[in-house]
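Engineer: task: produce atomic coordinates for the following.
(chains A, B, C and D)
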There are 4 protein chains.
Amino acid sequence: MRMTFSVAVTGASGYAGGEFLRLALQHPELEIGALTANASAGTTLGEHHPHLRALAPRVIEPTDAARLAEHDVIVLALPHGTSGPIAGQLPDNAIVVDLGADHRLESAADWTTYYGGDHPGTWAYGLPELIRAAGDRQRERLAEARRIAVPGCNVTAVTLGIQPGVAAGIIDPSDLVAVLSVGYSGAGKSLRQNLLASEALSSAAPYAVGGTHRHIPEIGQNLRAAGAGDVRLSFTPVLVPMSRGILATTTARLAPGLKGVDAAELRAAWVDAYCEERFVEVLPEGQWPTTAMVQGSNTALVQVAYDATAGRIVAVSAIDNLVKGTAGGAIQSLNLALGLPEHLGLPVNGVAP
Amino acid sequence: MRMTFSVAVTGASGYAGGEFLRLALQHPELEIGALTANASAGTTLGEHHPHLRALAPRVIEPTDAARLAEHDVIVLALPHGTSGPIAGQLPDNAIVVDLGADHRLESAADWTTYYGGDHPGTWAYGLPELIRAAGDRQRERLAEARRIAVPGCNVTAVTLGIQPGVAAGIIDPSDLVAVLSVGYSGAGKSLRQNLLASEALSSAAPYAVGGTHRHIPEIGQNLRAAGAGDVRLSFTPVLVPMSRGILATTTARLAPGLKGVDAAELRAAWVDAYCEERFVEVLPEGQWPTTAMVQGSNTALVQVAYDATAGRIVAVSAIDNLVKGTAGGAIQSLNLALGLPEHLGLPVNGVAP
Amino acid sequence: MRMTFSVAVTGASGYAGGEFLRLALQHPELEIGALTANASAGTTLGEHHPHLRALAPRVIEPTDAARLAEHDVIVLALPHGTSGPIAGQLPDNAIVVDLGADHRLESAADWTTYYGGDHPGTWAYGLPELIRAAGDRQRERLAEARRIAVPGCNVTAVTLGIQPGVAAGIIDPSDLVAVLSVGYSGAGKSLRQNLLASEALSSAAPYAVGGTHRHIPEIGQNLRAAGAGDVRLSFTPVLVPMSRGILATTTARLAPGLKGVDAAELRAAWVDAYCEERFVEVLPEGQWPTTAMVQGSNTALVQVAYDATAGRIVAVSAIDNLVKGTAGGAIQSLNLALGLPEHLGLPVNGVAP
Amino acid sequence: MRMTFSVAVTGASGYAGGEFLRLALQHPELEIGALTANASAGTTLGEHHPHLRALAPRVIEPTDAARLAEHDVIVLALPHGTSGPIAGQLPDNAIVVDLGADHRLESAADWTTYYGGDHPGTWAYGLPELIRAAGDRQRERLAEARRIAVPGCNVTAVTLGIQPGVAAGIIDPSDLVAVLSVGYSGAGKSLRQNLLASEALSSAAPYAVGGTHRHIPEIGQNLRAAGAGDVRLSFTPVLVPMSRGILATTTARLAPGLKGVDAAELRAAWVDAYCEERFVEVLPEGQWPTTAMVQGSNTALVQVAYDATAGRIVAVSAIDNLVKGTAGGAIQSLNLALGLPEHLGLPVNGVAP
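Structural biologist: Residues are numbered from 1 along each chain as shown, chains lettered A, B, ... in the order given. Predicted coordinates:
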């Protein structure tokens, strides 16, 4: 017996929506239904995502809750603040996956501080590899979920890079520093001058410096789940001239009381944390992740070392922001919610060079 | 019943070999066997192609004909001049696919002029979409082949771009001009100074200018198959700062006797030529191909227009040099030779942005 | 005695205006006066051109003809169609340099066909190296000019690449083919989706294909000045992932009657044409121009070869679109009009890698 | 009266040597003499640095100490470990500028740990803006120097970014974290696979992770000069797809005892430190440095903020690695040693976009 699930995507003309469709086309049990958008309604998908040849002639419909409700799965690829109202009109038994930020944060206070306005509520957090120090495994939560909030792309990169050290009690989460090299697709299709190719080529450009980035509280939330008490994180994203990819360099001091850590022992903590994972891999000793290694794939690559002179652990993690960081992570969580094998339809190999 | 074919790849550490493996991993009927190389023997595949996580621990063996001969299919991903000697030691009933140049040219004289030395012989030409004005369809030839020569990547781009006009008698093949924007992976992993990132970033750099490129006679051979008499082609490749992709701009005058051509009629000739093709698509009117549209896919995109003021037709075609231009085209031809559906395991959708 | 000239720039926040200012800062006899713009009035120059540290605190004024008229030189860095009205309000004895298209074309019919509306008139053409088969040298015209129209950047690249062959009667201008690799700064700061970094990185993207580009009639005008009768040009620009630079590959058949051409003789025609030029250089035999070689400089590099098999000459030329293609060419012409040494303040060496 | 100084450059074919020549060509008092190299002797400079048109025909001589000794100034643009032997053969009264690492470190132990072998000695450190808590100003030292060691490019970026906080006693230097986005020209012309364009495009790639980079002890040396006691630095460089530029993100905790710091007060410490500097500028509030802003210039741009939630100061600094990070810094120091105005011949404005 084979079960096929219909999927509607709202916000189909953006990068997140397009990437979800790219992966859904490769998924054996997902059938792509309505594609909707607001400004782009009436145009073909080929005008927005000409690389998706199989869907190029499909016409984008105006977003309408009743139309979306005809599907087993509804994917919201919308700017933050706009998912809540639509989600409220969708049937309880449909699975709704939000690629945006609205339902990620558990703390209403964090929401108000970083996003402003009223907290739209918290959904099951779509990071199956999230380590939980207590309570249900994240996979169990997702298996029962009908509402899934897909993590922020930078959040996924940093969380996967550093959480094994938190869970193992090796690092001190109260003074983390993360600096990320990020590709431009993460900024979406907004027409802003700093996102023009002429400005971006030949430049490395930091933004949201000094603790203002909205992904900061979400990382704290994840690391607390993994066992951290107080989390303090200095977080700086740097746009670099590539389209896809996030390379996160996260450093941390050893946990109070630890005088040092053996290289093998340190690596073992990361390897143990991920040895059962299909999509998170600790590279062989001496090899460091690059974004090219994961381009187009749902893989996260991680490596870790202890710099005794500096007194800091450095963990480097690489993901494709649109796959593991957004649409791939979404499908992985969706697979769980649908009772399908978690890895179904998801590429583990990247496209390089 | 399901048939699975074992495949060995020699030259596995290079880009062409790596891309064949990436696609073979997605192919339901190919089973990857021995990976061999000379200089890289003893290393793991993960050292050369860290994006191919599923094969990362596999150890590369020294190239040995007897070992290769254990497989149903042997892929030669070797520099030109080196495929012939190995091919001669392989069993007749094995299918051998040469990603290199050794067995593409029919004319021994062309071989000697452009490559030097003795002509290694001619194999079935691995471009299923090649239009043949007379004799067997190219697909029929490939279906019977045990030896397949995969076309040069630039050759595929230009041939697919312009052959409908030749076959339809619309253009004059005696004065073609092709200028190509090409990505750096086409140059392989050779350690040459002009291929360094520091030199390549921010630069457009022509090479093999003035009629010296080895792909020129091969394009002539293809267009003669499509019905051209004398083919004369000015061919200039320009390296531009991208890793993958070829964008070929090919212009031609109208065939002698034609005074003009109606835009719809012109486009119809291209559309008709490719309407049955899965991997070659004429874009909707007004949309022009870019390399981003085909990145990672086996798709070739084409568009054509007539510039009455200039008196020239301009055809633009885009492919991923490593997929449709090399490893994807190889698998497409191999599918035919194996009696499998031609498109099996091949992506029609690209990875963008 | 030293003479210093005051310069106002209107449209100071755009790329052309910014580049003019960059070069003017290095010019010993130009003193930067009012910087004006419309939408950007009231902001500092540092918000638009943070690389121009010396002018960063300068406040942009609203554009006002009377204010501009206080200067010896007024530079118009405006979209086409907007220079004419302002120019009409400026004093006759001021030197006005238009970096836009309004006053380049001699033919009102060409203007109407390619730009639409009424022809704003023709100013002295700011390409000192333009070869004129008859009448005054271009430099003499510029020396007397009070109104200067700076050529289009693509026009400069193609004209300098091919005009020696036209002037020497070697090539046939009735069937030219030019394909250009162009950087994104040529498209200005327009907020259009195809100009976003996420779209541009990893892509080669043609535009204005099929004879619609506005630079086509201007190239014809130049080549006719050099002695061509009928000029027919197939012209295709391809955006490639770099910020600056144009690499033009222009091919042409031999002039009717010429059976062939000796390589040395061919090259000599180009060398002779430019041997007195400071900013146009024919590279040594065997070396081909790249855009990196001319980045940041006012130099145009050219190379030429005859491909006997194809029956076509191929000329490759490289310029920095913002320097020799716009602001550098402007200063060169302005120097002539001011009675200064033509090369004053202009860099001949590029910034590479 | 005008004094002109002759300059020889050994290692003229590399990027550092080429950039020194680019700047020397713009310098009013430097006259370029012998250009020497080993492997490249007998070739023209145009084969290595075709962007330096003014020197293109110059023939590179074999490196010979006697020939070098004919000049007022000798610039060593050589791999580390090779400057020492040549320097020993040069006259005491010549000014020798080492662009390599041999003479930067004061500590022989550091040299042996990070570079291996015997310490080649310590020369005057070529960073005029180095803050010295005690003793002579760095400028005074350079004014008397006959031997100058130019700092490492990453060292300059990090030192300029963070030293004001050290000198002002605001930050705690015992737990610094620096992550740098660096362009490929910093890696020189070494023919290594990871430096190929095909590998570099679309990738962010860390290297020397975990405390092994040779620039680490040099940064410590500088910050101790500025008043730090113990310096501990986690340092991770990330190669990103650009040719030039370093963007350093350096974070630090507040000095022990400081509970917090006012934003204005913090910025004032940086502004005060650099208010007299021509080549180091603190950007206006709210504007953050990018590498595009300093491309081609001798400018370092800096910005700083305090992230109270994270408890860390973050300082971002941008330089062009070949200019302020190498050849521009060299000329600045050389100007001091020659008794010329420090800024002579050095560009403060960059080349963008």
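Engineer: now do residue A:87 against chain C, distance only.
Structural biologist: Per Cβ to the nearest Cβ, to the nearest Å, residue A:87 is found 27 Å from chain C. Where you see a C-beta, it was placed from the backbone N, CA and C, and this is true even at glycine.
Engineer: against which helices or strands is the helix or strand harbouring residue A:264 packed?
Structural biologist: Residue A:264 is located in helix A:263-274, with elements delineated by DSSP states H and E. With contacts taken as 3 or more Cβ pairs under 8 Å, 6 or more residues apart in numbering or on different chains; DSSP states H and E, helix A:263-274 sits against helix A:153-167, strand A:280-282, strand A:300-307.
Engineer: how long is stretch A:92-102 end to end?
Structural biologist: Between the opening and closing residues of stretch A:92-102 we find a distance of 18 Å, counting by Cα to Cα, to the nearest Å.
Engineer: is chain B contacted by that stretch?
Structural biologist: No: where contact is defined by Cβ under 8 Å from any Cβ of the partner chain, no part of stretch A:92-102 touches chain B; the two come within 15.9 Å at best.
Engineer: same question, stretch A:12-20
Structural biologist: Yes: judged by Cβ under 8 Å from any Cβ, stretch A:12-20 comes into contact with chain B through A:15, A:18.
Engineer: got a list of contacts for that stretch?
Structural biologist: The contact list for stretch A:12-20, computed with Cβ atoms under 8 Å, 6 or more residues apart in numbering or on different chains, reads A:9-11, A:21, A:35-37, A:39-40, A:43, A:45, A:48-49, A:52, A:60, A:75, A:77, A:99-100, A:185, A:188-189, A:322-323, A:326-328, A:330-331, B:352-353, C:198.
Engineer: what does stretch A:249-257 give?
Structural biologist: The list of residues contacting stretch A:249-257 from outside it, by Cβ under 8 Å, 6+ apart, reads A:158, A:161-162, A:165, A:169-173, A:175-180, A:260-261, A:306, A:311-317, D:175, D:177, D:179, D:206, D:209, D:234, D:236, D:238.
Engineer: buried residues in it?
Structural biologist: A:249-255 (16 or more other Cβ atoms under 10 Å in any protein chain shown).
Engineer: also stretch A:219-235?
Structural biologist: A:219-228, A:231-235.
Engineer: partners of residue A:5 in the sheet?
Structural biologist: Per DSSP bridges, the residues bridged to residue A:5 are residue A:30.
Engineer: which one is residue A:336 nearest to, not counting chain neighbours?
Structural biologist: In space, not counting the residues next to it along the chain, residue A:336 is nearest to residue A:142; the distance is 4.2 Å by Cβ to Cβ, 6 or more residues apart in numbering or on different chains.
Engineer: from residue A:30, how far off is the one you found?
Structural biologist: Taken as Cβ to Cβ, to the nearest Å, the spacing of residue A:142 relative to residue A:30 amounts to 16 Å.
Engineer: residues in the stretch 1-150 of chain A within reach of chain B, list them.
Structural biologist: By the criterion of Cβ under 8 Å from any Cβ, the positions of the stretch 1-150 of chain A lying close to chain B are A:15, A:18, A:22, A:25-26, A:46-47, A:49-54.
Engineer: thought residue A:72 was touching residue A:95?
Structural biologist: Yes: using Cβ atoms under 8 Å, residue A:72 is in contact with residue A:95, at 6.7 Å.
Engineer: ok, those two, which is more surrounded?
Structural biologist: The neighbour count for residue A:72 versus residue A:95, taken as other Cβ atoms under 10 Å in any protein chain shown, is higher for residue A:95 (20 against 17).
Engineer: ranges for the strands of the stretch 101-250 of chain A?
Structural biologist: When assigned using DSSP state E, counting those that start in this stretch, the strands of the stretch 101-250 of chain A occupy the ranges A:124-125, A:147-149, A:176-182, A:205-206, A:233-239, A:246-253.
Engineer: hang on, the earlier thing: quick one: contacts of the helix holding residue A:264?
Structural biologist: When contacts are taken as Cβ under 8 Å, 6+ apart, the neighbours of helix A:263-274 outside the stretch itself are A:129, A:131, A:163-165, A:167-168, A:170, A:280-282, A:285, A:302, A:304-306, A:313, A:315.
Engineer: what do you get if the cut-off is 10 Å, keeping everything else the same?
Structural biologist: Here helix A:263-274 makes contact (Cβ atoms under 10 Å, 6 or more residues apart in numbering or on different chains) with A:129, A:131, A:160-171, A:226, A:254, A:260-262, A:275, A:280-285, A:300, A:302-306, A:308, A:313, A:315, D:210.
Engineer: filter the residues you listed down to the buried ones, ChimeraX style.
Structural biologist: For the buried members of the contacts of helix A:263-274, the matching ChimeraX selection, counting by 16+ other Cβ under 10 Å, is:
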select /A:129,131,160,161,162,163,164,165,166,167,168,170,171,226,254,261,280,281,282,283,300,302,303,304,305,306,313,315 /D:210
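Engineer: skipping its backbone neighbours, what lies nearest residue A:80 in space?
Structural biologist: In space, not counting the residues next to it along the chain, residue A:80 is nearest to residue A:101; the distance is 4.0 Å by Cβ to Cβ, 6+ apart.
Engineer: thinking residue A:229 is in contact with residue A:169, fair?
Structural biologist: No: no contact is recorded between residue A:229 and residue A:169 when judged using Cβ atoms under 10 Å, the distance being 11.1 Å.
Engineer: what sits in contact with each of residue A:72 and residue A:95?
Structural biologist: Shared contacts of residue A:72 and residue A:95, counting by Cβ under 10 Å, 6+ apart, come down to A:5, A:7, A:338.
Engineer: can you list the residues you listed in TSV and add pLDDT, distance to residue A:111 and neighbour count?
Structural biologist: Formatted as TSV, the shared contacts of residue A:72 and residue A:95 follow (pLDDT from 0 to 100; distance: Cβ to Cβ, whole Å; neighbours: other Cβ atoms under 10 Å in any protein chain shown):
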residue	pLDDT	distance to residue A:111	neighbour count
A:5	98	31	17
A:7	98	28	25
A:338	98	28	18
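Engineer: coming back round to it: and the residue nearest to residue A:336, what's its pLDDT?
Structural biologist: At residue A:142, the pLDDT value in this model is 98.
Engineer: which residues touch it?
Structural biologist: So, once contact is read as Cβ under 10 Å, 6+ apart, residue A:142 ends up touching A:124-128, A:130, A:136, A:148, A:332-337, A:342.
Engineer: how about residue A:318?
Structural biologist: Applying Cβ under 10 Å, 6+ apart to residue A:318 gives the contacts A:157, A:160-161, A:181, A:245-248, A:283, A:288-295, A:299-303, A:324, A:350, D:203-206.
Engineer: so which of these also contact chain B?
Structural biologist: Contacts with chain B within those, as defined by Cβ under 10 Å from any Cβ of the partner chain: A:283, A:288-290, A:292-295, A:299, A:301, A:350, D:203.
Engineer: quick one: stretch A:277-294 near chain C?
Structural biologist: No: legend: contact between stretch A:277-294 and chain C by Cβ under 10 Å from any Cβ is lacking; minimum distance shown is 11.5 Å.
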